[in-house]
Each structure stands twice: as C-alpha cells, then as structure tokens.
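Colleague: take this sequence and fold it.
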Amino acid sequence: MLIISVQEPMSLSRLFFLFLISLATPFTLVSQQQKSDTLNYISPTQLNLDSAQLYAGIDSIITQALDSNAFPGCQILLAKEGHIFYYESFGYHTYDSIQKVRNTDLYDLASITKITASTLALMKLYEEDKLELDQTLGFYFPYLAKSNKADLTIRKVLAHQSRLKNWIPYHSESQRRNGKYKRKTITADSSAAFPYRIPGSDLFLYKDFKEDRIYKMIRKSDLYDKEDYVYSGLAFYLFPELIERLSGISFEQYLKDNFYKPLGANSLCFDPLKKYSLNQIVPTEVDTFFRMNKLHGVVHDEGAAVMLGVSGNAGLFSNAYDLAKVYQMLLNGGSYGGNQYLQKQTIQEFTRCQYCEKDNRRGLGFDKPLIEYDSIKTSVAKLASPNSYGHSGYTGTLVWADPDNQLLFIFLANRVYPSRTNRKIYQLNIRPRIHDLVYGLLVEENE
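Modeller: Predicted coordinates for the structure are as follows:
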C-alpha cells in the first residue's frame with residue numbers, strides 16, 4: 001500500500017488528490033514505462049519527478065499570479081503516459097474570495113471549443129469519408145457557391161491559411177449608429193418573431209438571425225488580399241450546420257454520442273446550466289457593452305452568444321479532468337478505455353503543421369508550437385516537441401498535448417473576470433512558465 005506522509009499543512013484538494021493516488025495504487029508503483037489507456041492518479045515520485053520542486057514551483061508561479069490579480073483562480077492538470085501526477089485548484093471563483101475553486105468546477109473553455117467540438121467532429125466525418133479536406137466551401141455550403149469564398153478549401157480554412165477575415169462582431173454590426181438595433185436582429189422584448197433570449201442578457205434574438213445575419217455577414221465579408229496565416233473563427237460558426245447535414249443528427253448530439261458520453265466526459269457540455277448549479281460554474285466577465293450582466297454559466301464569446309450558446313467557435317464548458325479525457329484519447333492514438341474513437345493516422349494528419357513552408361505553424365484546427373520560439377508570444381514551453389498540439393482560449397484557458405513526451409497540460413482560468421482588459425496572465429507568462437517547469441523536471445529525470 002502506498003503510504004503518504006504529510007509533514008506540512010496541505011490543502012484539502014491536495015490531500016484528496018493524494019487519497020486518490022492511494023486508491024489508484026494499492027499494491028505496486030507504476031513505472032514511467034507503463035502507459036495507461038485511461039487516466040489514473042499517481043504521485044510525481046512514481047515518475048521519478050521531484051515532487052517538492054514540482055509543487056513548490058507551481059505554488060510560487062500561481063501565488064504571484066493571484067497576488068497580481070492575473071485571475072481569481074484556476075485549475076491545473078498534468079498527466080504523463082496517462083497518469084495524472086498533478087491536479088490542483090487555486091484561488092476563488094471571483095475576487096471576493098468567497099467560493100474557492102474546486103477540481104470539479106466548470107470553466108468556460110472559449111476557443112478550446114474549436115478543437116474539442118468542431119475539429120473533433122470533422123475528424124470523425126473525415127474518417128467516415130463524409131468530408132474531404134481539399135474540397136471547397138462552395139461545395140459544402142451552397143450559399144457560398146457564388147461568393148468570394150467558393151474556392152477556399154476546408155484544409156486552408158482549418159489551418160487559418162484561407163484569407164478569411166479574423167472575426168465579425170455580429171452584435172455591433174446589428175446596431176445603427178445611434179446604438180439601436182436594426183430590424184429583425186435583436187430586441188428587448190420577446191415575441192413570436194423574437195423567441196430566443198440571448199444567454200446572459202435581457203435581449204431577444206430574431207428567429208432567423210443565424211441564417212439571415214450571421215451566415216449572410218460571413219458570405220459578404222471581404223477576404224484579405226494576401227494568403228498569409230491569419231487566425232479566423234468565421235468558418236467555425238458554419239461548421240455545426242455542416243456537421244449536422246453530414247451526420248444526420250444535431251451538432252451537440254453528434255459530439256455527445258461519439259465522444260463525450262462514451263469517454264465519460266460528463267461535465268464537457270454546452271449550456272451548463274441545464275445540468276449544473278451556478279456554484280459549480282466559475283463566472284467569466286462582467287459584460288458592460290453588450291449583455292450588460294455578469295456572465296455566469298453562460299457563454300462568454302459574443303458570437304457564440306448570438307448562436308444561443310451552441311457554436312463551433314466557443315461555448316463548451318468543462319472541468320480539467322473531463323477535458324483531459326479527450327486529449328488523453330488523442331495521445332493514445334485515438335483509443336481510450338478499450339474503445340477506438342479515431343484512427344492514429346487521422347490524428348497525425350490533423351495535428352501536423354500544414355503550411356510550415358509559408359511560416360504558418362497551424363495544424364487543422366489545432367495550434368502548434370511557434371516555428372521560431374519566442375518566449376513573449378508563446379503559451380507553451382520551449383521544450384514542447386514540434387509534434388505537440390493544443391489550443392488556448394480567450395478566457396485564460398489552455399490545453400496542450402505532446403505525443404513525443406506523452407505529456408498533457410491543462411490550465412483553466414477566468415482571466416477576463418471582471419474585465420477582458422486584464423492581460424497579466426500574458427505579461428507574467430504564467431502558463432508557459434508552468435509548462436517550462438514541468439519539462440525541466442522531466443529533463444532532470446532523464447539525465
């Protein structure tokens with residue numbers, strides 16, 4: 001039996017983590033070479049990592065972040081070879097220091113949705129021969145067939161190499177100069193024509209807003225003159241409808257049936273208030289320009305809000321543990337718990353750098369390490385392998401998977417609370433410093 005010796009005051013979450021370790025390893029230690037098909041808990045020392053340096057190093061970085069008000073609180077999960085060797089929560093839901101962050105609490109994942117929802121579904125459809133990466137938007141979206149986007153390929157769109165504009169502020173584009181909303185867009189009163197309450201607001205959306213406004217704005221938007229790397233979320237507003245057409249079921253149901261439910265990723269969901277109470281969900285921003293409310297349990301992204309919370313661009317919520325199941329499945333070559341979700345070749349195709357020769361680091365949907373490392377611009381460690389992949393989220397979130405080192409790093413925070421103007425998480429390099437610390441310990445272990 002693993003015996004845990006506590007020689008200094010420890011948080012309840014850390015004690016619980018060590019208790020889980022004891023349950024997970026009642027008889028023998030797990031060696032570094034024994035890869036697990038499903039996530040389990042072990043001690044860092046079982047991977048020959050210096051546990052004291054790991055905990056002290058992360059504690060120091062997060063203490064600086066919290067003292068500097070980079071964010072009110074966060075969750076951090078680290079796993080190697082399928083073994084979770086670190087899973088801690090820090091701080092509070094908000095700066096009032098009333099409710100502590102727990103490992104089970106949900107965060108708004110923001111753009112991590114792009115790879116955990118849209119891209120994941122497209123990977124499955126690609127395997128089923130229902131999607132061709134080098135086919136055009138005009139082929140898959142008839143309403144784009146006569147637009148300037150007709151010849152843009154799915155591959156270039158997913159790699160952000162397509163000349164698409166980076167974003168469209170749908171809510172403000174629906175306003176007149178005097179601030180009032182245009183006809184058949186948004187109103188303060190519900191009716192048969194305006195039946196949908198915009199999440200987190202007292203505003204109501206026109207019944208055909210998605211088709212008449214969002215799709216139309218995307219169709220009419222200009223393209224950049226030069227085909228360079230420009231991060232764009234526009235196509236991710238279109239992908240849910242494509243996924244529904246190709247699969248025959250709703251976007252949300254397709255993800256649940258093929259990934260989230262069989263993985264046991266129960267907290268991974270859109271519109272979390274259907275299942276969870278407010279005290280289980282960490283607030284994001286106090287919106288002072290559109291919804292004029294504290295955004296709590298509703299999607300933060302304005303574009304996803306006018307998609308009523310279910311979008312390919314943003315909208316997913318999760319705790320770190322359930323999110324980790326998706327990325328451990330990818331690190332496992334598409335398998336998890338004895339089930340095969342995706343083929344290894346599919347994962348390799350989507351996560352490889354598509355246009356490195358054009359100075360574009362991106363995979364298909366997935367972000368990749370910078371082609372030339374820059375400690376100011378990166379969100380990940382310098383030692384993250386070129387084959388690693390993941391995505392960051394505007395709210396302060398990050399998921400990063402390294403198949404070469406079999407290392408998974410998940411960081412969830414609400415750096416936009418109470419305002420998105422707070423950029424201290426970037427200025428202090430919080431996420432890459434934690435990532436660097438872990439890689440450094442791994443290097444020491446291998447020496």
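
Colleague: and the residue nearest to Lys424 when sequence neighbours are not counted, what does it touch?
Modeller: Spatially, and ignoring its direct neighbours in sequence, Lys424 is nearest to Ala70 (3.8 Å; Cβ to Cβ, 6 or more residues apart in numbering). (C-beta placed from N, C-alpha, C; glycine too.) For Ala70, the contact set (Cβ atoms under 8 Å, 6 or more residues apart in numbering) comprises 413, 415, 422, 424-425, 428, 430.

Colleague: now swap in Asn332 and tell me
Modeller: So, once contact is read as Cβ under 8 Å, 6+ apart, Asn332 ends up touching 37, 82.

Colleague: what does the pLDDT read for it?
Modeller: pLDDT recorded at Asn332 is 98.

Colleague: if I look at it, how far off is Asn387?
Modeller: Distance, Asn332 to Asn387, using Cβ to Cβ, to the nearest Å: 15 Å.

Colleague: number of residues surrounding the nearest residue to Arg155 once chain neighbours are set aside?
Modeller: Nearest residue to Arg155, sequence neighbours excluded (Cβ to Cβ, 6+ apart): Leu133, at 4.3 Å. By other Cβ atoms under 10 Å, 17 other residues sit near Leu133.

Colleague: before we move on, the earlier item: which among the contacts of Ala70 count as buried?
Modeller: For the contacts of Ala70, a burial check counting by 16 or more other Cβ atoms under 10 Å picks out 413, 415, 422, 425, 430.

Colleague: what sits closest to the spatially most central residue of the chain if chain neighbours are left out?
Modeller: Against the mean C-alpha coordinate of the chain, by Cα atoms, centre = their mean, the closest residue is Ile112 at 1.8 Å. Closest residue in space to Ile112, ignoring its immediate chain neighbours: Gly393 at 4.6 Å, by Cβ to Cβ, 6+ apart.

Colleague: over to Leu331?
Modeller: Ala401 (5.3 Å).

Colleague: so what's the one you found up against?
Modeller: Ala401 is in contact with 327, 330-331, 388-390, 407-409, counting by Cβ under 8 Å, 6+ apart.

Colleague: likewise for Tyr107?
Modeller: Contacts of Tyr107 (Cβ under 8 Å, 6+ apart): 75, 282, 317-319, 395, 397, 412-414.

Colleague: now do the SS call for it.
Modeller: Assigned with DSSP: H, G, I helix; E, B strand; the rest coil, Tyr107 falls in the strand class.

Colleague: so Arg433 versus Gly440, what's the distance?
Modeller: Noted for Arg433: a distance of 10 Å to Gly440, by Cβ to Cβ.

Colleague: need the pLDDT of the closest residue to Val286 other than its chain neighbours.
Modeller: Closest residue to Val286 apart from its sequence neighbours, by Cβ to Cβ, 6+ apart: Pro418 at 4.3 Å. Predicted confidence (pLDDT) for Pro418: 98.

Colleague: can you give me the strands for the stretch 1-150 of the chain?
Modeller: Under the criterion DSSP state E, counting those that start in this stretch, the stretch 1-150 of the chain contains strands at 40-41, 73-80, 83-91, 107-108.

Colleague: highest average neighbour count across the ones you listed?
Modeller: Sort those by mean neighbour count, taking mean count of other Cβ atoms under 10 Å, and strand 107-108 sits at the top with a mean of 32.

Colleague: for Phe204, grab phi and psi.
Modeller: Phi and psi for Phe204, reported as degrees, to the nearest 10, are phi -130, psi 140.

Colleague: residues touching it, list them.
Modeller: Here Phe204 is in contact with 186-191, 194-198 (Cβ under 8 Å, 6+ apart).

Colleague: what bridges to it?
Modeller: The partner list for Phe204 in beta bridges (DSSP bridges) reads Thr187, Arg197.

Colleague: okay, it: pLDDT?
Modeller: Looking at Phe204, its pLDDT stands at 98.

Colleague: of the contacts of Tyr107 - the most surrounded one?
Modeller: Val282 (32 neighbours).

Colleague: quick one: that residue and Ser318, what's the gap?
Modeller: 11 Å.

Colleague: what do the two both touch?
Modeller: Joint contacts of Val282 and Ser318 (Cβ under 8 Å, 6+ apart) are 106-107.

Colleague: in stretch 401-414, what's buried?
Modeller: Of all the residues in stretch 401-414, those buried under the rule 16+ other Cβ under 10 Å are 401-403, 405-414.

Colleague: same check on stretch 440-447?
Modeller: Neighbour-count burial for stretch 440-447 flags 440-442 (criterion: 16+ other Cβ under 10 Å).

Colleague: cool, and stretch 36-53?
Modeller: In terms of neighbour count (16+ other Cβ under 10 Å), stretch 36-53 has its buried residues at 36, 39-44, 46-47, 49.

Colleague: in CSV, list the strands of the stretch 1-150 of the chain along with mean pLDDT and distance to Cys353.
Modeller: Formatted as CSV, the strands of the stretch 1-150 of the chain follow (pLDDT from 0 to 100; distance: least, Cβ to Cβ, whole Å):
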stretch, mean pLDDT, distance to Cys353
strand 40-41, 97, 32
strand 73-80, 98, 24
strand 83-91, 98, 28
strand 107-108, 98, 28
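
Colleague: using TSV, lay out these together with distance to Leu223.
Modeller: TSV is the format used below for these (distance: least, Cβ to Cβ, whole Å):
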stretch	distance to Leu223
strand 40-41	48
strand 73-80	38
strand 83-91	43
strand 107-108	30
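
Colleague: how many other residues sit next to Leu54?
Modeller: 21.

Colleague: how close does the nearest residue to it once chain neighbours are set aside sit to Leu234?
Modeller: Nearest non-adjacent residue to Leu54, counting by Cβ to Cβ, 6+ apart: Pro44, 5.2 Å away. Computed as Cβ to Cβ, the Pro44 to Leu234 distance reads 42 Å.

Colleague: against Pro142, how distant is Ala150?
Modeller: 10 Å.

Colleague: out of these two, which sits in the more crowded spot?
Modeller: Ala150 (13 against 8).

Colleague: mind pulling up the pLDDT for the more buried one?
Modeller: pLDDT, Ala150: 98.

Colleague: that one touches Leu137, doesn't it?
Modeller: Yes: contact status for Ala150 versus Leu137: in contact at 6.6 Å, counting by Cβ atoms under 8 Å.

Colleague: name the residues contacting each of the two.
Modeller: Applying Cβ under 8 Å, 6+ apart, one finds that Ala150 and Leu137 are jointly contacted by Leu144.

Colleague: which residues in the stretch 201-350 of the chain form strands?
Modeller: Ranges of strands within the stretch 201-350 of the chain are 204-205, 317-318, 335-336, 339-340, based on DSSP E, counting those that start in this stretch.

Colleague: what strands line up against the third one, and which way round?
Modeller: Each strand pairing with strand 335-336, determined using DSSP bridges, is listed with its direction: strand 339-340 (antiparallel).

Colleague: okay, now Gly125: neighbour count?
Modeller: No, residue 125 isn't Gly; it's Leu. Neighbour count for Leu125, taken as other Cβ under 10 Å: 18.
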